[in-house]
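Q: Give the three-dimensional model of this entry:
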Amino acid sequence: MNSSSSSFGCYEAARILVPGYYFAILTVAFVQLVATALEWPIFVNDVVLVLAFLVLGFIAGLTLYAKESTKRRKAFQENQPSFYLKTKSRSMADLPVMEEDEAKQMYFYILNNHIPPVFHEKIFFFGTIYHIMIQVRRTSLWFSLLGTLAVVFLAVANGKPSTELLLFSATTWLVYVLNVTFNKADRKMQENYKDQIYWLEMNNDLVESILRKRSHVQQAQRS
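A: Below is the predicted model of the structure:
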C-alpha cells in the first residue's frame, strides 16, 4: 500500500510539473524571441528570471491540473469501468438503480481493496501519460497559433519575418502534428479501461457480492 501511495504521488506530481514547465519554456522562448525581433531590451537579473520561470511553471501546472479538461474528452469518458458496474447493477433485478456518482464510488472501492496492485501501477502510469500528452498537444497548439500570428505581425511591421520566431512556430506546429498523428494517448486509455472491465468480468462473483452488500447497507441505513 505504501508503494502504491508513493507511486500515486509521483504520477500526480508529473501531471502537474511536466505540462506546467513545458508551458513555461514556450512562454519564455516566445517572449524572448518577440522582444529580440522588436529590439526591445530586456534587463532582468538571472536569479529573478530563474525564480520567475520556476513560479510560472508551477502555477501553470497547477492551473492546467485544476481545469481537468482532459477528463471531458471522449476517450476518457467512454467505456469507464464505473459504467460497467452501473450496467451490472441494473441487470440484477433485486438491486436498486445505481446512479453515476455511486457507480464511481463503487469502482474506486473495488480498485483500492480488491484489484491487484499491478493494475494500480498501470492505471496511474497510463492516466498520467494521457494527461501529459493531451496538455502538451493543447499547449503546442496555443503557441503554434500565437507564434504564427506573431510572425505575420512582425513581417508586416518590420518588412521581413523573424527567422527565429518562424523556427519556433514551425517547431511547435511539428510537436502538435506529431502528437495528433501518433496519438497513443486515447488508444492506451481505452485499452486500460478494457483491461479493468475484463478483470471485473472475470471476478463476477466478487462484483455481485459487493453490489449486494452495498444494497443491504443502504437498506439498513434507511430503516
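Q: how about the helices in the chain?
A: 2-37, 46-67, 74-77, 81-91, 100-113, 117-158, 163-181, 185-202, 204-222 (DSSP state H).
Q: will you turn the ones you listed into TSV that also has mean pLDDT and mean neighbour count?
A: For the C-beta atoms, the positions are set from N, CA and C on the backbone; glycine is no exception. Below are the helices of the chain laid out as TSV (pLDDT from 0 to 100; neighbours: other C-beta atoms under 10 Å):
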stretch	mean pLDDT	mean neighbour count
helix 2-37	85	16
helix 46-67	89	14
helix 74-77	72	14
helix 81-91	87	18
helix 100-113	87	15
helix 117-158	88	18
helix 163-181	92	16
helix 185-202	86	16
helix 204-222	80	12
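Q: do you know how far the one residue sitting closest to the centre of the chain is from Leu149?
A: Nearest to the mean C-alpha position of the chain, counting by C-alpha atoms, centre = their mean, stands His131 at 1.9 Å. Relative to Leu149, His131 is positioned 28 Å away (C-beta to C-beta, to the nearest Å).
Q: Val97 touches Ala103, doesn't it?
A: No. If you go by C-beta atoms under 8 Å, Val97 and Ala103 don't touch, sitting 10.3 Å apart.
Q: what do those two both touch?
A: Ser89 (C-beta atoms under 8 Å, 6 or more residues apart in numbering).
Q: how about His114, phi and psi?
A: Torsion angles at His114 (phi, psi; degrees, to the nearest 10) stand at phi -130, psi -40.
Q: residues in contact with stretch 61-71?
A: For stretch 61-71, the external contacting residues (C-beta under 8 Å, 6+ apart) are 15-21, 23, 76-77, 130-131, 134-135, 138.
Q: try 10 Å
A: 12-24, 76-77, 127, 130-135, 137-139, 185, 189 (C-beta atoms under 10 Å, 6 or more residues apart in numbering).
Q: Equivalent analysis for stretch 86-95, please.
A: For stretch 86-95, contacts defined as C-beta under 10 Å, 6+ apart pick out 80, 96-100, 102-104, 106-107, 200-201, 204, 207-208, 211-212, 214-216, 218.
Q: Quick one: end-to-end distance for it.
A: Stretch 86-95 has an end-to-end distance of 11 Å (C-alpha to C-alpha, to the nearest Å).
Q: gap between that stretch and the chain center?
A: Centre-to-centre, stretch 86-95 and its host chain are 31 Å apart (C-alpha atoms, centre = their mean, to the nearest Å).
Q: And for stretch 20-36?
A: Relative to its chain's centre, stretch 20-36 lies at 22 Å (C-alpha atoms, centre = their mean).
Q: ok, now stretch 168-176?
A: The answer for stretch 168-176 is 21 Å, by C-alpha atoms, centre = their mean.
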